[in-house]
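1. sequence plus the predicted model coming up.
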Amino acid sequence: PDSFIRSTLQFYIENAFEYGTVLHQSLEVQRARYDVDSLTAFQVRARELERQGRGLVVLGGHLGNTEHMSYPLVCVGMPVAALYSRSRQPALENAILRLRSQWGLDMCPADLSGVRRLYTCLRRGGMVAMLADQRPGRRVQRAYAPFLGCEGLSPAILPELIRRTGCAVLAMAVIRGEGGRLEVIYNEVDEAIADPDDEVAVTAQNDAISRLISRAPEQYFWHYRRFTRRRVEPRNPYKD
C-alpha cells in the first residue's frame, strides 16, 4: 500500500541523514537515545547466555540503522567481533572501520581470515555480531532457504559456527520507536539452527530475522537485491 511505501521512503531518508553522525557520536551521546527498558532487557538476556560460557552470536539483518547495534553490544561487557563485507572503495572502508573500531569492536572481513577470527572470539567466550540477510558471495558457505516467503541463497556461516563451537544465539535489532527513541528488540532462535542439514539450519536462521522484521517492516531495507539467485526460478527478478 501507498502508506507503507511512504513510511519506508521516509525511513530511508532519515537513515541517510543520520548515518554519518552515528559513527561520530560518543557512547554517552548514544546512551541518551535508547529506550532504557528495552536496552536493559537485552543486556540481561545476553549476560544470562554469557554465563553459560559457550560464547554468543547476536544475529541480525538490515533492519533499522544497523550502526545503532554497536552500543547495545559493547554494553554487555564481552569482547565483540563483527563480520562485515568489504567495500569496493578502500578509502571509505578504512574510514568506516576506524570509526566502528573505536568502541572496541573487532571488525572481521567476510572471508576465510575473518571467519577464523570469529571462531577464536567464540572459543574465548566472546560475542560475535553477524548480519545474515545478505546475498552470500561465492567463497562463503551458503544454502538455499526461504526468507520472507521467497526462496534464495542465504549465508550458512552461522550454523557452522554453532555446530563447531556450541555457542548460544540471540536475534537482535535496533529500531526507531515512539518519539524517535531507539528500541532494542530481540527474540530467541529455534534450536534447528544447529541442524547438520544446512537448509534446515538456514531456514531457522532466516525465520529468526524475519520475526525481527515483522516488528517494524517499514524500517527494513527492501531495496536490497536479496533474491538474485533462486533454485526454483533461475531468472534474475530484478532485471525485469
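-> Nice, thanks for sending it over. Numbers count the residues shown, from 1 in each chain.
2. how about residue 137: what's its closest non-neighbour residue?
-> Nearest non-adjacent residue to residue 137, counting by CB to CB, 6 or more residues apart in numbering: residue 110, 7.0 Å away. (Glycine included, C-beta is placed from N, CA and C.)
3. wait, what's in contact with the one you found?
-> Listed by CB atoms under 8 Å, 6 or more residues apart in numbering, the contact set of residue 110 reads 83, 84, 85, 86, 137, 140.
4. for ChimeraX, write a command that selects the buried ones of these.
-> Only the buried entries of the contacts of residue 110 go into this ChimeraX selection, using 16 or more other CB atoms under 10 Å:
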select :83,84,85,140
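5. now, the contacts of residue 110 that are in strands?
-> Counting by DSSP state E, the contacts of residue 110 place 83, 84 in strands.
6. and the contacts of residue 110 as TSV, adding distance to residue 213 and pLDDT?
-> Output for the contacts of residue 110, formatted as TSV (distance: CB to CB, whole Å; pLDDT from 0 to 100):
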residue	distance to residue 213	pLDDT
83	19	83
84	20	80
85	20	76
86	25	73
137	23	72
140	22	72
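7. which of the contacts of residue 110 sits closest to residue 199?
-> Residue 199 lies nearest to residue 140 out of the contacts of residue 110, by CB to CB, at 15.7 Å.
8. and the strands in this structure, which stretches?
-> Under the criterion DSSP E, the chain contains strands at 56-60, 80-84, 105-109, 127-131, 142-147, 150-155, 168-176, 182-188.
9. which parts of the first one are buried?
-> When burial is assessed from 16+ other CB under 10 Å, strand 56-60 yields the following buried residues: 56, 57, 58, 59, 60.
10. and the pLDDT for the fourth one?
-> In the predicted model, residue 59 carries a pLDDT score of 96.
11. measure it to residue 205 for me?
-> 7 Å (CB to CB, to the nearest Å).
12. anything in contact with each of these two?
-> Listed contacts common to residue 59 and residue 205 are 132, 158, 189; contacts here mean CB under 8 Å, 6+ apart.
13. many thanks, we can stop here.
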